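**Q** Show me the folded form of this:
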Amino acid sequence: MKLLIVNPNISESVSELIAAEARRSASPDTTVDVLTAPFGVAYIETRAEAAVGAYATLDLLAEHHRGYDAAVVAAFGDPGLLAAREILPIPVVGLTEAALMSAAMLGGRFSIVAISRRIRAWYQETVEMHGLGGRLASIRCLEESLPDIGTVQTDKGAQLLALCETAVQADGADVIIIAGAPLAGLARSIADRIPVPVVDGVSSAVRHAETLASLAPRPARTGSYAPPPRKAWKGLSPALGQLIGRD
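**A** Modelled structure (predicted):
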């Protein structure tokens, strides 16, 4: 099996974290390739940044999806996920969606531990979009600025662990979701110190993508995820234009 993972951010250090956790989590016979957005921001915190990341994601997926069995959008908040499902012939999984589905099967209420306060609104909206707002116990965030997004796990490890503990003790979380690609692999390293299940978005997305690819679903031919109608297009990359305009 071959999985294509797209990092919608420009941080190569984060792509390295994603690749390491994805390959640890994947089945032995699964090949994982990771691509980094060629434009955008170091990490996504706002709706505007998410829109830019979504375009970068669609562009990369359009160009490189052929030959892969499934794809993963590797940013919490899943920029471009639903749009990718409209135009790609393979299953596409997002970090948020995969982590939420895993958490929902492990407990009743879950908390999300994230890297910045500004990110809260977008994450809240993403959870509600998936119909799980009623099961969200809390979103706990780092308050300090992040000088290097690629080293946030080591720079802020103690604070992140404390946020997890607070979510369990004060918020009543049955499950903790460690949010965002810069925190890929953190759940694995702190699982023994948290008294409830801890979910990682990258590993969840990889395993869900493998499952969907194994099920071999046929692409939608009607309904809201059917391919877009044929129309003229301009200014898009040839690969994306052909998928959207259906040349």
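**Q** And the pLDDT at the residue nearest the centre of the chain?
**A** Residue closest to the mean C-alpha point of the chain, counted by C-alpha atoms, centre = their mean, is L95 at 2.3 Å. If you check L95, the pLDDT there is 94.
**Q** likewise K156?
**A** So, for K156, pLDDT stands at 85.
**Q** Give me the neighbour count for it.
**A** Using other C-beta atoms under 10 Å, K156 is surrounded by 20 other residues. For every residue, glycine as well, the C-beta is placed using N, CA and C.
**Q** Next: the one 3 residues further on.
**A** Neighbouring residues of Q159 were enumerated by other C-beta under 10 Å; the total is 16.
**Q** Tell me, domain by domain, which residues of this structure belong where.
**A** Split into domains by automatic domain parsing, the chain comes to 2-94+204-245, 97-201.
**Q** weakest of these in terms of mean pLDDT?
**A** domain 97-201 has the lowest average pLDDT among those, namely a mean of 92.
**Q** My guess is the residue nearest to the centre of the chain contacts H208. True?
**A** No - using C-beta atoms under 8 Å as the test, L95 is too far from H208 to be in contact (10.1 Å).
**Q** Let me see the backbone angles for I176.
**A** Main-chain torsions, I176, degrees, to the nearest 10: phi -110, psi 130.
**Q** Quick check: bridge partners of it?
**A** Beta-bridge pairing for I176 (DSSP bridges): S111, V198.
**Q** when you give positions from now on, start the count at 602
**A** In the new count, where the first residue is 602, that last one comes out as I777.
**Q** From G734, how far off is it?
**A** Between I777 and G734 the distance is 17 Å, computed by C-beta to C-beta, to the nearest Å.
**Q** who has more neighbours, the two?
**A** Neighbour tally, I777 and G734, criterion other C-beta under 10 Å: the higher count belongs to I777, 30 against 12.
**Q** Now do the buried residues in the lengthiest helix in the chain.
**A** For the chain, the helix that runs over the most residues, judged by DSSP state H, is helix 648-665. The neighbour-count check on helix 648-665 (16 or more other C-beta atoms under 10 Å) flags 650-651, 653-663 as buried.
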